[in-house]
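Enquirer: My questions are about this predicted structure, shown below with the sequence.
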Amino acid sequence: MQPVPQTELPRNPGMELDMGWVRAARANRSAIERRAATLPGRRSVKKAHQAAWLARAISCIDLTTLAGDDTPGRVARLCAKARQPVRADLLDAIGLPGLTVGAVCVYHDMIAPAVAALQGTGIPVAAVSTGFPAGLSPFHLRLAEIGESVQAGAAEIDIVISRRKVLTGDWQGLYDEMRAFRAACGEAHVKAILATGELGTLQNVARASLVCMMAGADFIKTSTGKESVNATLPVSLVMLRAIRDYHERTGIHVGYKPAGGISKAKDAVTYLALVKEELGDRWLRPDLFRFGASSLLGDIERQLEHHVTGAYSASWRHAMG
Ligand SMILES: O=C[C@H](O)COP(=O)(O)O
């Protein structure tokens, strides 16, 4: 198996489903949207710190390709980018010559080429699973898919939850499903994709976050990238506060992964600032925070180049990632 993310923290073992806690979870939409609206632009990261924040963002990227026309060749190119996300002279200039992304994220069939291309790097391969993106295939096949992906070398499994269980208030069903997914993952870490754009309300997002954590999710993740609404700041606030609540009550650290539509360096910095404010610095490391993104790295590289050289290059030079 590929290496699991380096962490000294204990995994989330989960707990019994606490329906009193789940029902008590609330989300005040207007207060959350007001707070989220103040975030972009408010934190102007100054020049000296900009490169450090951008480098931090790179180290937390799950560099992703999830397309029907993915090939071993495309995955090998993505993995080359994962190993060396930014031009060597730029990494030297910011004093981080060995910087890599957090993981490479692919469909099941692309695990083997990704594992081969990342051999010896310590960069884990994450696989989307359980009938991604809709999660509507037979349950036993969803479980078997996890097992096959772990067998193929995925160290992280990004499962999709059954949205219908949330929409019908079947919290026990969601808990049981997530428990079974976690068990099927074995030593591989499991990220629970809530597909928040399809959950209807922020209250459902808060409750689904809690239920997945109670069932043992190592990370909770916003979106597949395939919903019409993917990662947003209001949803992030709700999920980060659920993680904080879970940590306060259990002492367990659960990770957070916003995914889908995050493609600009300045948006990445806004997310990092939000995580820092809501959860503190410890969550700003790849064992507790990831961006799920296919095109963010290109813009970060462009901004870093500007930081180091004072000039922007054409965006086509950073097409991959
Ligand atoms: O989890 C990762 C997402 O699928 C990536 O979405 P994106 O292509 O909008 O960056």
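Expert: Nice, I can see it.
Enquirer: residue contacts, Leu66?
Expert: Cys105, Val106, Tyr107, Val128, Phe132, Thr224, Gly225, Lys226, Ser294 (CB atoms under 8 Å, 6 or more residues apart in numbering). Glycine gets a C-beta too; all of them are placed from N, C-alpha and C.
Enquirer: So for the second one, what's the pLDDT?
Expert: In this case it means Val106. We have a pLDDT of 98 for Val106.
Enquirer: What are the phi and psi values at it?
Expert: Backbone torsions of Val106, given as degrees, to the nearest 10, read phi -140, psi 170.
Enquirer: what bridges to it?
Expert: Note on Val106: beta-bridge partners by DSSP bridges are Ala127.
Enquirer: interface residues of this protein facing the ligand?
Expert: Contact residues (CB under 6 Å from any ligand atom) of the chain with the ligand: Thr64, Leu66, Cys105, Thr224, Gly225, Ala259, Gly260, Gly261, Gly292, Ala293, Ser294, Ser295.
Enquirer: Tell me the backbone dihedrals of Phe291, please.
Expert: The phi/psi pair for Phe291 (degrees, to the nearest 10) is phi -100, psi 130.
Enquirer: quick one, what contacts it?
Expert: Phe291 sits next to Ala57, Cys60, Ile61, Asp62, Lys257, Pro258, Ala259, Ile262, Ala268, Tyr271 when contact means CB under 8 Å, 6+ apart.
Enquirer: Show me the residues of the chain next to the ligand that map onto strands.
Expert: With strands taken from DSSP state E, the overlap with those comprises Thr64, Cys105, Gly292, Ala293.
Enquirer: With respect to Thr196, which of the residues you listed is nearest?
Expert: Closest approach between these and Thr196, by CB to CB: Gly292, at 12.6 Å.
Enquirer: and the gap between the closest residue to that closest one other than its chain neighbours and Leu272?
Expert: Nearest residue to Gly292, sequence neighbours excluded (CB to CB, 6 or more residues apart in numbering): Ala259, at 2.6 Å. Ala259 is 15 Å from Leu272, where distance means CB to CB, to the nearest Å.
Enquirer: Counting neighbours around each, name which of the two comes out higher.
Expert: Ala259 (24 against 21; other CB atoms under 10 Å).
Enquirer: Pick out the most distant pair among the ones in strands among the residues of the chain next to the ligand.
Expert: Checking these with CB to CB, the most distant pair is Cys105 and Ala293, at 9.2 Å.
Enquirer: Look up phi and psi at the residue of the stretch 101-250 of the chain found nearest the ligand.
Expert: Nearest to the ligand, among the residues of the stretch 101-250 of the chain, is Gly225, at 2.4 Å (CB to the nearest ligand atom). Note on Gly225: backbone dihedrals following degrees, to the nearest 10 are phi 90, psi -10.
Enquirer: Return the residues in contact with the closest residue to it other than its chain neighbours.
Expert: Distances taken as CB to CB, 6+ apart put Gly260 closest to Gly225, at 3.7 Å, once the chain neighbours are dropped. Contact partners of Gly260, counting by CB under 8 Å, 6+ apart, are Thr222, Ser223, Thr224, Gly225, Lys226, Glu227, Asn230, Ala231, Gly292.
Enquirer: switch to 10 Å and redo it
Expert: Counting by CB atoms under 10 Å, 6 or more residues apart in numbering, Gly260 touches 64, 193, 195-197, 221-227, 229-232, 291-294.
Enquirer: go on, Phe289?
Expert: 56-57, 59-60, 102, 219, 255-258, 271-272, 275-276, 279, 282-283.
Enquirer: Kindly report the same for Asn230.
Expert: Asn230 neighbours (CB under 10 Å, 6+ apart): Ala195, Thr196, Gly197, Thr222, Ser223, Thr224, Pro258, Ala259, Gly260, Gly261, Ile262, Gly292.
Enquirer: Which pair in those residues has the greatest spatial separation?
Expert: Using CB to CB, the pair of the contacts of Asn230 lying farthest apart is Ala195 and Ile262, separated by 15.8 Å.
Enquirer: before we move on, back to that, could you measure the residue nearest to Gly225 against Thr64, distance?
Expert: Look at Gly260 and Thr64: by CB to CB, they are 9 Å apart.
Enquirer: Can you find the helix or strand in this structure with the smallest mean pLDDT?
Expert: Scoring the helices and strands of the chain by mean pLDDT, DSSP states H and E places helix 47-59 at the bottom, with a mean of 89.
Enquirer: can I get the CA coordinates of it in PDB?
Expert: What follows is helix 47-59, C-alpha atoms only, in PDB (Å, rounded to 0.1, in the frame of the first residue of the first chain):
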ATOM      1  CA  LYS A  47       4.000  40.200   0.300                       C
ATOM      2  CA  ALA A  48       6.400  38.600   2.800                       C
ATOM      3  CA  HIS A  49       3.800  36.100   3.900                       C
ATOM      4  CA  GLN A  50       2.200  35.500   0.500                       C
ATOM      5  CA  ALA A  51       4.700  32.900  -0.700                       C
ATOM      6  CA  ALA A  52       4.400  31.000   2.600                       C
ATOM      7  CA  TRP A  53       0.600  30.800   2.400                       C
ATOM      8  CA  LEU A  54       0.800  29.700  -1.300                       C
ATOM      9  CA  ALA A  55       3.300  27.000  -0.400                       C
ATOM     10  CA  ARG A  56       1.100  25.900   2.400                       C
ATOM     11  CA  ALA A  57      -1.800  25.700   0.000                       C
ATOM     12  CA  ILE A  58       0.200  23.600  -2.500                       C
ATOM     13  CA  SER A  59       1.200  21.100   0.300                       C
END
